[in-house]
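# the sequence isn't on hand, but the structure is:
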């Protein structure tokens, strides 16, 4: 799955969190972030801190891979 925007990343994290049965609060606690951060991330806030976003994605089992697009 290719992620092209903060909104798409947030939606993927939200879907995975819900599939795992976690609340936003539980995910925030497990990832060492705040509830507000998880909420903003899931809503596609573009200024979310990358390090924290990657930590949250990792907590729900989402690997972020980079690859070059063919032209």
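Yes, it's here. On a predicted model such as this, the values are computed, not experimentally measured, just so you know.
# I'd like the average pLDDT over the helix ranked longest in the chain.
For the chain, the helix with the greatest residue count under DSSP state H is helix 6-20. For helix 6-20, the mean per-residue pLDDT is 94.
# can you give me how far it is from the chain middle?
Distance of helix 6-20 from the chain centroid (C-alpha atoms, centre = their mean, to the nearest Å) equals 6 Å.
# what residues sit buried inside that helix?
Buried residues in helix 6-20, defined by neighbour count with 16 or more other C-beta atoms under 10 Å: 6, 9-10, 12-14, 16-17. Bear in mind the C-beta positions are built from the backbone N, C-alpha and C, glycine included.
# got it, and stretch 57-70?
For stretch 57-70, a neighbour-count test (16+ other C-beta under 10 Å) marks 57, 59-60, 62 as buried.
# now, which of the residues you listed sits nearest residue 34?
In terms of C-beta to C-beta, no member of these lies closer to residue 34 than residue 59, at 13.7 Å.
# test my guess that that closest one contacts residue 27.
Yes: the pair residue 59 / residue 27 is scored as a contact, 6.2 Å apart, by C-beta atoms under 8 Å.
# let me see the ranges of the strands in this protein.
Taking DSSP state E, the chain contains no strands at all.
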